[in-house]
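**Student:** Let's see this in three dimensions:
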Amino acid sequence: MCKLWLTDLVIRNVVAKWPGSAHDSTIFTNSVVCLLLKTNSIFQNYHLLGDSGYALEKYLLTPFLNPRSPAEVRYNKSHVITRNTVERKYGILKRRFPCLSIGLNCNLERVPAIIVACCVLHNLAIRLDDPEPPADPQVEVLLRQLELETEQLQLSSSIGSQSSYPAGFAKRNVIVQNYFSN
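**Tutor:** The predicted model follows:
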């Protein structure tokens with residue numbers, strides 16, 4: 001059976017050298033993947049999806065902050081549904097390895113290796129068709145509280161972080177016109 005690349009829940013890149021307080025967009029902007037997308041024509045037909053904390057680029061599509069047409073609303077809905085797969089992947093990873101959510105009690109220098117190991121083991125579990133771990137209601141409540149606190153911190157630090165990149169706006173508008181307009 002062939003799985004779609006997006007929905008197979010495999011982790012394809014890990015950057016574990018930043019502290020947990022670093023915003024996702026900062027980590028991405030300083031990653032090898034970002035550099036490859038900016039400079040390598042091999043990836044010109046691929047797009048990453050980011051939330052509104054990311055800058056709109058020709059290779060990184062973000063939602064419309066204030067959609068003004070039905071096509072833009074449909075684009076945003078599709079964007080959210082597609083990004084949900086990534087969030088689901090992280091949820092499964094954190095349920096398999098709760099230490100990634102509630103914290104590690106070890107030497108700080110070992111944390112990046114432990115994070116990478118958890119990602120490798122997650123991929124192995126996917127490859128071996130290991131069932132998804134069940135949700136623990138107590139852990140889920142704690143995680144949701146931590147996520148809300150993190151979202152509030154990131155939102156307050158990322159207000160106005162969306163820069164104006166004409167190529168990104170043009171690319172997103174072409175996609176909206178070609179795929180989401182009547």
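**Student:** Go through the helix or strand harbouring Tyr75 and flag the buried ones.
**Tutor:** In this structure, Tyr75 sits in helix 70-96 according to DSSP states H and E. Buried residues in helix 70-96, counted by 16 or more other C-beta atoms under 10 Å: 71-72, 74-76, 78-79, 83, 86, 89, 91-95. Every C-beta, even on glycine, is put in place using the N, C-alpha and C of the backbone.
**Student:** other SSEs contacting that helix?
**Tutor:** Contacts defined by 3 or more C-beta pairs under 8 Å, 6 or more residues apart in numbering; DSSP states H and E place helix 70-96 against strand 48-49, helix 99-102, helix 111-127, helix 166-179.
**Student:** per-residue pLDDT, Ala14?
**Tutor:** Just so we're on the same page, residue 14 is Val rather than Ala. The score at Val14 is 92. That number is its pLDDT.
**Student:** Quick one: neighbours of Leu56, just the number.
**Tutor:** 22 (other C-beta atoms under 10 Å).
**Student:** ditto for the one 5 residues further on
**Tutor:** The local packing count at Leu61 equals 21, with neighbours defined by other C-beta under 10 Å.
**Student:** my read: it touches His47, true?
**Tutor:** Yes - the criterion here is C-beta atoms under 8 Å, and Leu61 meets it with His47 at 5.2 Å.
**Student:** got any residues that touch both of those two?
**Tutor:** Common neighbours of Leu61 and His47, using C-beta atoms under 8 Å, 6 or more residues apart in numbering, are 171, 175.
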